[in-house]
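>>> for reference, the sequence and a predicted model appear below.
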Amino acid sequence: MSGVVAIKTDDLILEKLLYSLSSIQHRGQDSAGLVLSDGSSLNRIKGSGLVNEVFKEANIYDKDYKIGIGHVRSSREGCQQDYNIEPLVSFTKNNEFALAHDGNLSNYDLIKETLENEGTSFHTHTDSELILLLISRYYDGDIIKAIRKTMDIIKGAYSCVVTMPNKIIAFRDYQGFRPLMLGEDEENLIIASENAAIEILDIENYRNVNPGEIIVIDDDGLKSYPDKDRINKNHCIFEDVYIARPDANIENINSYMFRRRCGEILYRQAPIEADLVCPVPDSGTPSAIGFAQESGIPFAEGLVKNRYMGRSFIKPSQKERDLAVRLKLNPQKSVVNGKRIVLVDDSIVRGTTSAKLIKRMRKAGAKEVHFRVTSPPFMYPCYYGVDTPDRSNLIAARLSIEEIRKQIGADSLEFIDLDSMLKLVENPDDYCKACFTGNYPVKKDEI
Ligand code: SF4
(Lines give C-alpha, C1' and ligand atoms only; values in the text may rest on other atoms or scores of the structure.)
Protein backbone atom coordinates (compact mmCIF):
# COMPACT_ATOMS: atom_id res chain seq x y z
CA MET A 1 0.00 0.00 0.00
CA SER A 2 1.15 3.51 -0.76
CA GLY A 3 0.12 7.12 -0.89
CA VAL A 4 1.08 9.70 -3.51
CA VAL A 5 1.12 13.50 -3.69
CA ALA A 6 2.02 16.01 -6.44
CA ILE A 7 1.96 19.78 -5.91
CA LYS A 8 2.48 22.91 -7.99
CA THR A 9 2.57 26.03 -5.88
CA ASP A 10 4.17 29.47 -5.64
CA ASP A 11 5.71 29.06 -2.20
CA LEU A 12 6.54 26.72 0.66
CA ILE A 13 6.44 23.64 -1.53
CA LEU A 14 8.54 21.52 0.80
CA GLU A 15 6.32 22.26 3.79
CA LYS A 16 3.19 21.65 1.72
CA LEU A 17 4.47 18.33 0.43
CA LEU A 18 5.43 17.22 3.92
CA TYR A 19 2.06 18.21 5.42
CA SER A 20 0.23 16.41 2.63
CA LEU A 21 2.40 13.32 2.85
CA SER A 22 1.95 13.22 6.63
CA SER A 23 -1.82 13.34 6.12
CA ILE A 24 -1.69 10.08 4.20
CA GLN A 25 0.95 8.43 6.38
CA HIS A 26 -1.57 5.66 7.18
CA ARG A 27 -1.15 4.42 3.58
CA GLY A 28 2.50 3.56 4.14
CA GLN A 29 4.85 3.76 7.10
CA ASP A 30 8.03 2.00 6.01
CA SER A 31 9.53 4.66 3.76
CA ALA A 32 8.96 8.09 2.31
CA GLY A 33 10.44 10.11 -0.51
CA LEU A 34 10.00 13.25 -2.51
CA VAL A 35 11.35 14.77 -5.70
CA LEU A 36 11.40 18.52 -6.28
CA SER A 37 12.08 20.42 -9.47
CA ASP A 38 13.73 23.81 -9.79
CA GLY A 39 12.61 24.04 -13.41
CA SER A 40 15.67 22.44 -14.96
CA SER A 41 16.52 19.38 -12.89
CA LEU A 42 15.08 16.99 -10.33
CA ASN A 43 16.28 16.60 -6.74
CA ARG A 44 15.34 13.65 -4.59
CA ILE A 45 15.33 12.93 -0.86
CA LYS A 46 14.13 9.57 0.42
CA GLY A 47 14.67 7.14 3.25
CA SER A 48 13.21 4.50 5.55
CA GLY A 49 10.76 5.55 8.24
CA LEU A 50 7.90 7.96 8.78
CA VAL A 51 7.68 11.28 6.95
CA ASN A 52 8.84 13.30 9.97
CA GLU A 53 11.82 10.98 10.44
CA VAL A 54 12.96 10.88 6.81
CA PHE A 55 12.77 14.64 6.24
CA LYS A 56 13.83 15.99 9.60
CA GLU A 57 17.08 17.23 8.15
CA ALA A 58 15.95 18.03 4.64
CA ASN A 59 18.56 20.45 3.32
CA ILE A 60 16.74 21.79 0.29
CA TYR A 61 15.01 24.80 1.82
CA ASP A 62 17.09 27.40 0.07
CA LYS A 63 16.15 26.56 -3.52
CA ASP A 64 13.31 27.95 -5.54
CA TYR A 65 11.17 24.89 -6.11
CA LYS A 66 7.69 25.17 -7.61
CA ILE A 67 6.70 21.59 -8.36
CA GLY A 68 7.27 18.29 -6.64
CA ILE A 69 5.91 14.83 -5.92
CA GLY A 70 6.03 12.60 -2.86
CA HIS A 71 5.36 9.04 -1.80
CA VAL A 72 4.79 7.01 1.37
CA ARG A 73 5.05 3.26 1.18
CA SER A 74 4.55 0.05 3.09
CA SER A 75 6.86 -2.58 1.75
CA ARG A 76 6.15 -6.25 1.19
CA GLU A 77 8.33 -8.86 2.83
CA GLY A 78 11.67 -8.94 0.97
CA CYS A 79 11.17 -5.50 -0.61
CA GLN A 80 12.46 -3.22 2.15
CA GLN A 81 15.71 -2.27 0.43
CA ASP A 82 16.50 1.41 -0.11
CA TYR A 83 16.53 1.04 -3.87
CA ASN A 84 12.79 0.26 -3.81
CA ILE A 85 11.89 3.54 -2.11
CA GLU A 86 9.91 5.89 -4.32
CA PRO A 87 9.76 8.26 -6.13
CA LEU A 88 11.94 6.45 -8.66
CA VAL A 89 13.95 8.61 -11.04
CA SER A 90 14.91 8.01 -14.65
CA PHE A 91 17.33 10.07 -16.75
CA THR A 92 17.01 9.70 -20.50
CA LYS A 93 18.81 11.48 -23.34
CA ASN A 94 16.59 14.54 -23.37
CA ASN A 95 14.67 14.42 -20.17
CA GLU A 96 14.30 13.51 -16.52
CA PHE A 97 11.31 11.77 -14.98
CA ALA A 98 10.36 10.83 -11.43
CA LEU A 99 7.41 8.60 -10.60
CA ALA A 100 5.45 7.63 -7.50
CA HIS A 101 2.84 4.89 -7.72
CA ASP A 102 0.03 3.52 -5.56
CA GLY A 103 -1.30 0.15 -6.67
CA ASN A 104 -0.02 -3.06 -8.16
CA LEU A 105 0.31 -4.17 -11.77
CA SER A 106 -1.36 -7.53 -12.31
CA ASN A 107 0.76 -8.31 -15.39
CA TYR A 108 4.11 -7.07 -14.01
CA ASP A 109 5.78 -10.50 -13.88
CA LEU A 110 4.92 -11.29 -17.50
CA ILE A 111 6.06 -7.96 -18.96
CA LYS A 112 9.19 -7.93 -16.85
CA GLU A 113 10.11 -11.41 -18.01
CA THR A 114 9.57 -10.45 -21.65
CA LEU A 115 11.74 -7.35 -21.27
CA GLU A 116 14.45 -9.26 -19.38
CA ASN A 117 14.55 -11.83 -22.16
CA GLU A 118 15.18 -8.93 -24.53
CA GLY A 119 18.12 -7.76 -22.41
CA THR A 120 16.54 -5.12 -20.15
CA SER A 121 17.92 -4.93 -16.61
CA PHE A 122 15.78 -3.91 -13.65
CA HIS A 123 17.23 -2.16 -10.61
CA THR A 124 14.39 -2.48 -8.09
CA HIS A 125 11.77 -5.04 -7.01
CA THR A 126 8.86 -2.70 -7.69
CA ASP A 127 6.43 -2.65 -10.58
CA SER A 128 6.69 1.15 -10.44
CA GLU A 129 10.06 0.81 -12.19
CA LEU A 130 8.34 -0.87 -15.12
CA ILE A 131 5.87 2.02 -15.47
CA LEU A 132 8.70 4.56 -15.37
CA LEU A 133 10.76 2.55 -17.84
CA LEU A 134 7.92 2.36 -20.36
CA ILE A 135 7.11 6.08 -20.07
CA SER A 136 10.78 7.04 -20.55
CA ARG A 137 11.08 4.65 -23.47
CA TYR A 138 7.97 5.93 -25.27
CA TYR A 139 8.65 9.62 -24.64
CA ASP A 140 9.51 11.49 -27.82
CA GLY A 141 8.44 14.97 -26.69
CA ASP A 142 4.77 14.08 -26.17
CA ILE A 143 4.15 12.96 -22.57
CA ILE A 144 0.46 12.18 -23.15
CA LYS A 145 1.34 9.80 -25.98
CA ALA A 146 4.02 8.14 -23.84
CA ILE A 147 1.65 7.62 -20.92
CA ARG A 148 -1.23 6.36 -23.10
CA LYS A 149 1.11 3.86 -24.76
CA THR A 150 2.24 2.74 -21.30
CA MET A 151 -1.39 2.44 -20.16
CA ASP A 152 -2.08 0.24 -23.19
CA ILE A 153 0.45 -2.26 -21.86
CA ILE A 154 0.24 -2.25 -18.08
CA LYS A 155 -2.78 -3.82 -16.35
CA GLY A 156 -4.08 -3.70 -12.82
CA ALA A 157 -4.01 -0.87 -10.31
CA TYR A 158 -2.04 2.32 -10.75
CA SER A 159 -2.67 5.77 -9.39
CA CYS A 160 0.53 7.56 -10.39
CA VAL A 161 2.12 10.97 -10.15
CA VAL A 162 5.08 11.92 -12.34
CA THR A 163 7.27 14.97 -12.41
CA MET A 164 9.46 16.23 -15.19
CA PRO A 165 11.54 19.38 -14.66
CA ASN A 166 8.76 21.65 -15.97
CA LYS A 167 5.51 19.82 -15.23
CA ILE A 168 3.69 17.34 -13.05
CA ILE A 169 1.45 14.66 -14.46
CA ALA A 170 -1.05 12.29 -12.84
CA PHE A 171 -2.87 9.29 -14.27
CA ARG A 172 -5.19 6.60 -12.97
CA ASP A 173 -5.96 3.14 -14.35
CA TYR A 174 -9.18 2.51 -16.29
CA GLN A 175 -10.74 0.64 -13.34
CA GLY A 176 -9.95 3.36 -10.80
CA PHE A 177 -8.91 0.72 -8.26
CA ARG A 178 -6.93 3.02 -5.99
CA PRO A 179 -8.11 6.55 -5.21
CA LEU A 180 -6.61 9.71 -6.71
CA MET A 181 -7.91 13.21 -6.16
CA LEU A 182 -7.30 16.65 -7.61
CA GLY A 183 -7.60 19.85 -5.59
CA GLU A 184 -7.04 23.49 -6.46
CA ASP A 185 -7.24 27.02 -5.18
CA GLU A 186 -5.68 30.29 -6.31
CA GLU A 187 -2.17 29.34 -5.17
CA ASN A 188 -2.00 25.57 -5.39
CA LEU A 189 -2.73 22.63 -7.65
CA ILE A 190 -2.47 19.31 -5.88
CA ILE A 191 -3.06 15.67 -6.70
CA ALA A 192 -3.15 13.17 -3.85
CA SER A 193 -4.38 9.74 -2.82
CA GLU A 194 -6.92 11.12 -0.36
CA ASN A 195 -8.68 14.41 0.28
CA ALA A 196 -7.01 14.73 3.71
CA ALA A 197 -3.76 15.58 1.89
CA ILE A 198 -5.61 18.33 0.00
CA GLU A 199 -7.66 19.69 2.89
CA ILE A 200 -4.56 20.04 5.07
CA LEU A 201 -3.55 22.88 2.70
CA ASP A 202 -6.92 24.52 3.34
CA ILE A 203 -8.14 23.63 -0.14
CA GLU A 204 -11.83 22.76 -0.21
CA ASN A 205 -12.32 22.46 -3.94
CA TYR A 206 -11.43 18.91 -4.97
CA ARG A 207 -12.67 16.05 -7.14
CA ASN A 208 -11.78 12.46 -8.05
CA VAL A 209 -9.33 11.98 -10.89
CA ASN A 210 -11.45 9.85 -13.23
CA PRO A 211 -10.44 6.33 -14.21
CA GLY A 212 -8.32 6.51 -17.36
CA GLU A 213 -7.79 10.27 -16.98
CA ILE A 214 -4.39 11.91 -17.46
CA ILE A 215 -3.82 15.34 -15.91
CA VAL A 216 -0.94 17.63 -16.82
CA ILE A 217 -0.05 20.67 -14.71
CA ASP A 218 2.54 23.17 -15.91
CA ASP A 219 3.03 26.94 -16.29
CA ASP A 220 -0.01 27.06 -18.60
CA GLY A 221 -2.22 25.63 -15.86
CA LEU A 222 -4.09 22.34 -15.77
CA LYS A 223 -5.15 20.18 -18.70
CA SER A 224 -7.22 17.02 -18.48
CA TYR A 225 -7.03 14.18 -21.00
CA PRO A 226 -9.90 11.75 -20.35
CA ASP A 227 -10.44 8.42 -22.11
CA LYS A 228 -14.08 7.70 -21.35
CA ASP A 229 -14.49 4.84 -23.84
CA ARG A 230 -12.23 2.48 -21.93
CA ILE A 231 -13.44 3.14 -18.40
CA ASN A 232 -14.46 -0.03 -16.53
CA LYS A 233 -14.98 1.18 -12.96
CA ASN A 234 -13.85 -1.16 -10.19
CA HIS A 235 -13.06 1.01 -7.19
CA CYS A 236 -11.63 -0.90 -4.23
CA ILE A 237 -14.41 -1.37 -1.66
CA PHE A 238 -11.73 -2.18 0.94
CA GLU A 239 -10.66 1.48 0.85
CA ASP A 240 -14.00 2.32 2.50
CA VAL A 241 -13.82 -0.67 4.87
CA TYR A 242 -10.27 -0.22 6.14
CA ILE A 243 -7.62 1.54 4.11
CA ALA A 244 -8.73 5.15 3.77
CA ARG A 245 -8.89 7.63 6.62
CA PRO A 246 -12.35 8.01 8.17
CA ASP A 247 -12.54 11.54 6.74
CA ALA A 248 -11.92 10.29 3.19
CA ASN A 249 -14.53 11.10 0.55
CA ILE A 250 -13.47 8.70 -2.17
CA GLU A 251 -15.91 8.38 -5.06
CA ASN A 252 -18.26 10.55 -3.01
CA ILE A 253 -18.50 8.00 -0.17
CA ASN A 254 -17.50 9.23 3.26
CA SER A 255 -15.52 6.43 4.90
CA TYR A 256 -16.63 7.32 8.42
CA MET A 257 -20.34 7.15 7.56
CA PHE A 258 -19.79 4.00 5.49
CA ARG A 259 -18.14 2.27 8.46
CA ARG A 260 -20.75 3.52 10.90
CA ARG A 261 -23.57 2.21 8.75
CA CYS A 262 -21.78 -1.13 8.40
CA GLY A 263 -21.97 -1.38 12.20
CA GLU A 264 -25.69 -0.60 12.17
CA ILE A 265 -26.30 -3.20 9.44
CA LEU A 266 -24.28 -5.80 11.30
CA TYR A 267 -26.41 -5.43 14.43
CA ARG A 268 -29.65 -5.69 12.44
CA GLN A 269 -28.26 -8.72 10.62
CA ALA A 270 -27.17 -10.54 13.79
CA PRO A 271 -28.58 -9.05 17.00
CA ILE A 272 -26.88 -10.03 20.26
CA GLU A 273 -27.31 -9.35 23.96
CA ALA A 274 -24.20 -7.91 25.57
CA ASP A 275 -23.01 -5.33 28.11
CA LEU A 276 -20.56 -3.30 25.98
CA VAL A 277 -19.61 -2.70 22.35
CA CYS A 278 -15.85 -2.21 21.99
CA PRO A 279 -13.97 -1.36 18.78
CA VAL A 280 -10.65 -2.67 17.60
CA PRO A 281 -9.24 0.85 17.14
CA ASP A 282 -8.97 2.81 14.94
CA SER A 283 -10.63 1.47 11.81
CA GLY A 284 -13.21 -0.53 13.86
CA THR A 285 -14.29 2.53 15.85
CA PRO A 286 -16.93 4.10 13.56
CA SER A 287 -18.52 0.66 13.03
CA ALA A 288 -18.60 -0.01 16.77
CA ILE A 289 -20.30 3.37 17.29
CA GLY A 290 -22.88 2.42 14.64
CA PHE A 291 -23.39 -1.00 16.24
CA ALA A 292 -23.81 0.54 19.70
CA GLN A 293 -26.25 3.15 18.47
CA GLU A 294 -28.40 0.64 16.60
CA SER A 295 -28.40 -1.91 19.45
CA GLY A 296 -28.64 0.44 22.40
CA ILE A 297 -25.67 -1.38 23.99
CA PRO A 298 -23.21 1.13 25.51
CA PHE A 299 -20.02 1.90 23.57
CA ALA A 300 -16.74 1.61 25.49
CA GLU A 301 -13.04 1.65 24.74
CA GLY A 302 -12.08 -1.82 25.87
CA LEU A 303 -8.78 -1.74 24.01
CA VAL A 304 -6.28 1.06 24.45
CA LYS A 305 -4.26 1.91 21.41
CA ASN A 306 -0.64 2.94 21.43
CA ARG A 307 -0.84 5.68 18.79
CA TYR A 308 2.83 5.60 18.00
CA MET A 309 2.66 2.20 16.30
CA GLY A 310 1.89 1.52 12.66
CA ARG A 311 -0.82 -0.75 11.31
CA SER A 312 -0.22 -4.42 12.22
CA PHE A 313 -2.00 -5.69 9.11
CA ILE A 314 0.63 -4.20 6.84
CA LYS A 315 3.80 -5.17 8.73
CA PRO A 316 6.02 -7.39 6.61
CA SER A 317 6.51 -10.56 8.69
CA GLN A 318 4.33 -12.58 11.09
CA LYS A 319 6.81 -12.11 13.94
CA GLU A 320 6.74 -8.33 13.49
CA ARG A 321 2.94 -8.38 13.26
CA ASP A 322 2.65 -10.38 16.52
CA LEU A 323 4.90 -7.96 18.35
CA ALA A 324 3.08 -4.99 16.83
CA VAL A 325 -0.32 -6.26 18.06
CA ARG A 326 0.96 -6.60 21.64
CA LEU A 327 2.58 -3.20 21.56
CA LYS A 328 -0.33 -1.53 19.83
CA LEU A 329 -3.46 -2.76 21.60
CA ASN A 330 -3.86 -3.37 25.31
CA PRO A 331 -7.15 -4.44 26.96
CA GLN A 332 -8.60 -2.06 29.52
CA LYS A 333 -9.24 -4.33 32.50
CA SER A 334 -11.38 -1.80 34.37
CA VAL A 335 -13.74 -1.66 31.39
CA VAL A 336 -14.03 -5.28 30.25
CA ASN A 337 -13.75 -7.22 33.54
CA GLY A 338 -16.90 -9.30 34.13
CA LYS A 339 -18.60 -7.96 30.99
CA ARG A 340 -20.12 -9.53 27.88
CA ILE A 341 -18.26 -7.76 25.10
CA VAL A 342 -19.08 -7.26 21.42
CA LEU A 343 -15.71 -6.67 19.76
CA VAL A 344 -16.02 -4.94 16.37
CA ASP A 345 -13.26 -5.08 13.76
CA ASP A 346 -13.10 -4.21 10.06
CA SER A 347 -11.79 -7.54 8.77
CA ILE A 348 -10.23 -10.91 9.54
CA VAL A 349 -7.32 -11.71 7.23
CA ARG A 350 -5.06 -14.36 8.76
CA GLY A 351 -7.07 -14.62 11.99
CA THR A 352 -3.98 -14.40 14.18
CA THR A 353 -4.62 -10.83 15.37
CA SER A 354 -8.28 -11.57 16.20
CA ALA A 355 -7.32 -14.69 18.18
CA LYS A 356 -4.73 -12.77 20.18
CA LEU A 357 -7.10 -9.91 20.95
CA ILE A 358 -9.87 -12.21 22.12
CA LYS A 359 -7.45 -14.17 24.31
CA ARG A 360 -6.21 -10.97 25.89
CA MET A 361 -9.75 -9.66 26.43
CA ARG A 362 -10.58 -12.86 28.29
CA LYS A 363 -7.38 -12.58 30.31
CA ALA A 364 -8.50 -9.06 31.26
CA GLY A 365 -11.73 -10.56 32.66
CA ALA A 366 -14.23 -10.39 29.76
CA LYS A 367 -17.03 -12.92 30.46
CA GLU A 368 -17.98 -13.33 26.80
CA VAL A 369 -16.40 -12.00 23.60
CA HIS A 370 -18.64 -11.81 20.52
CA PHE A 371 -16.70 -10.88 17.40
CA ARG A 372 -18.37 -8.78 14.70
CA VAL A 373 -16.66 -8.07 11.38
CA THR A 374 -17.72 -5.24 9.10
CA SER A 375 -16.45 -6.83 5.91
CA PRO A 376 -17.38 -10.20 4.40
CA PRO A 377 -14.95 -13.15 4.80
CA PHE A 378 -11.65 -12.25 3.09
CA MET A 379 -11.18 -15.35 0.90
CA TYR A 380 -9.01 -14.33 -2.04
CA PRO A 381 -5.74 -12.41 -2.31
CA CYS A 382 -5.70 -8.90 -3.74
CA TYR A 383 -3.67 -8.31 -6.92
CA TYR A 384 -4.34 -4.59 -6.99
CA GLY A 385 -2.16 -3.08 -4.30
CA VAL A 386 -3.33 -4.36 -0.92
CA ASP A 387 -0.59 -6.59 0.40
CA THR A 388 -2.59 -9.67 1.43
CA PRO A 389 -1.10 -13.11 2.00
CA ASP A 390 -1.62 -15.94 -0.48
CA ARG A 391 -4.83 -17.98 -0.24
CA SER A 392 -3.37 -20.64 2.01
CA ASN A 393 -2.85 -17.98 4.71
CA LEU A 394 -6.31 -16.44 4.48
CA ILE A 395 -8.28 -18.04 7.28
CA ALA A 396 -11.64 -17.66 5.50
CA ALA A 397 -10.32 -19.52 2.47
CA ARG A 398 -9.58 -22.59 4.58
CA LEU A 399 -12.25 -22.64 7.29
CA SER A 400 -16.01 -22.25 7.63
CA ILE A 401 -17.32 -19.37 9.78
CA GLU A 402 -17.97 -21.81 12.65
CA GLU A 403 -14.43 -23.17 12.33
CA ILE A 404 -13.02 -19.62 12.33
CA ARG A 405 -15.06 -18.83 15.45
CA LYS A 406 -13.55 -21.82 17.23
CA GLN A 407 -10.03 -21.01 16.03
CA ILE A 408 -10.10 -17.39 17.18
CA GLY A 409 -11.86 -18.36 20.42
CA ALA A 410 -14.95 -16.12 20.10
CA ASP A 411 -18.31 -16.90 21.73
CA SER A 412 -20.01 -15.93 18.49
CA LEU A 413 -18.82 -14.60 15.14
CA GLU A 414 -20.64 -12.72 12.40
CA PHE A 415 -19.46 -11.08 9.18
CA ILE A 416 -21.43 -8.40 7.35
CA ASP A 417 -23.30 -9.69 4.34
CA LEU A 418 -21.73 -8.42 1.07
CA ASP A 419 -25.02 -7.40 -0.58
CA SER A 420 -26.05 -5.42 2.52
CA MET A 421 -22.68 -3.66 2.57
CA LEU A 422 -22.92 -2.79 -1.11
CA LYS A 423 -26.25 -1.04 -0.54
CA LEU A 424 -24.17 1.74 1.02
CA VAL A 425 -22.60 2.71 -2.32
CA GLU A 426 -24.35 4.37 -5.22
CA ASN A 427 -23.56 1.76 -7.84
CA PRO A 428 -22.28 -1.61 -6.53
CA ASP A 429 -21.23 -2.65 -10.06
CA ASP A 430 -18.61 0.12 -9.99
CA TYR A 431 -16.71 -1.63 -7.18
CA CYS A 432 -14.11 -4.38 -6.98
CA LYS A 433 -14.98 -7.02 -4.36
CA ALA A 434 -12.63 -9.72 -5.63
CA CYS A 435 -11.12 -10.49 -2.22
CA PHE A 436 -14.61 -11.52 -1.06
CA THR A 437 -15.94 -13.14 -4.25
CA GLY A 438 -12.93 -14.29 -6.31
CA ASN A 439 -14.34 -12.42 -9.36
CA TYR A 440 -11.25 -10.51 -10.45
CA PRO A 441 -12.04 -7.60 -12.80
CA VAL A 442 -8.52 -7.84 -14.28
CA LYS A 443 -6.95 -11.28 -14.38
CA LYS A 444 -3.49 -11.80 -12.95
CA ASP A 445 -0.64 -12.48 -15.39
CA GLU A 446 -2.60 -11.51 -18.48
CA ILE A 447 -1.00 -9.32 -21.10
S1 SF4 B 1 -9.38 -7.41 -4.33
FE2 SF4 B 1 -10.26 -6.47 -2.47
S3 SF4 B 1 -8.60 -5.26 -1.59
FE4 SF4 B 1 -8.05 -5.70 -3.72
S5 SF4 B 1 -8.80 -3.98 -4.95
FE6 SF4 B 1 -10.40 -5.52 -4.97
S7 SF4 B 1 -11.73 -4.97 -3.22
FE8 SF4 B 1 -9.77 -3.91 -2.94
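Perfect, thanks for sending it. This structure is a prediction, so every number in the text was calculated from the model and none was measured. Numbers count the residues shown, from 1 in each chain.
>>> any idea which helix or strand comes after the worst-scoring helix or strand of the chain on mean pLDDT?
Using mean pLDDT, DSSP states H and E, the weakest-scoring helix or strand in the chain turns out to be helix 318-328, at a mean of 70. Next in sequence after helix 318-328, counting helices and strands by DSSP states H and E, comes strand 329-331.
>>> what's near enough to touch residue 233?
175, 176, 211, 427, 429, 430, 431 (Cβ atoms under 8 Å, 6 or more residues apart in numbering). (Each C-beta comes from the backbone N, C-alpha and C, glycine too.)
>>> ok, the residues you listed vs residue 364, which is closest?
Nearest to residue 364 among the contacts of residue 233 is residue 431, at 37.7 Å by Cβ to Cβ.
>>> per-residue pLDDT, the closest one?
Listed pLDDT for residue 431 reads 98.
>>> that one pairs with what?
residue 235 (DSSP bridges).
>>> so it is in contact with residue 237, correct?
Yes - judged on Cβ atoms under 8 Å, residue 431 makes contact with residue 237 at a distance of 4.6 Å.
>>> list residues touching both of the two?
Common neighbours of residue 431 and residue 237 (Cβ under 8 Å, 6+ apart) are 422, 425.
>>> count of residues packed around residue 52?
The number of residues packed near residue 52 is 12, by other Cβ atoms under 10 Å.
>>> that one - that's part of a helix, no?
Yes - under DSSP: H, G, I helix; E, B strand; the rest coil, residue 52 sits within a helix.
>>> which non-adjacent residue is nearest it?
residue 22 (6.8 Å; Cβ to Cβ, 6 or more residues apart in numbering).
>>> part of a helix, is the one you found?
Yes - judged by three-state DSSP, residue 22 forms part of a helix.
>>> to the chain's geometric centre, what's the distance from the helix or strand containing residue 403?
Residue 403 belongs to helix 401-408 when assigned by DSSP H and E. From the chain centre to the centre of helix 401-408 is a distance of 28 Å (Cα atoms, centre = their mean, to the nearest Å).
>>> against which helices or strands is that helix packed?
Packing partners of helix 401-408 (3 or more Cβ pairs under 8 Å, 6 or more residues apart in numbering; DSSP states H and E): helix 352-363, helix 395-398, strand 412-415.
>>> what are the buried residues along the first one?
Residues of helix 352-363 classed as buried under the neighbour-count rule (16 or more other Cβ atoms under 10 Å) are 352, 353, 354, 355, 356, 357, 358, 360, 361, 362.
>>> can you get me a residue count around the closest residue to the ligand within the stretch 251-400 of the chain?
The minimum distance from the stretch 251-400 of the chain to the ligand, using Cβ to the nearest ligand atom, falls at residue 382 (3.0 Å). Using other Cβ under 10 Å, residue 382 has 19 other residues around it.
>>> looking at it, it is touching residue 434, isn't it?
Yes - the criterion here is Cβ under 8 Å, and residue 382 meets it with residue 434 at 7.0 Å.
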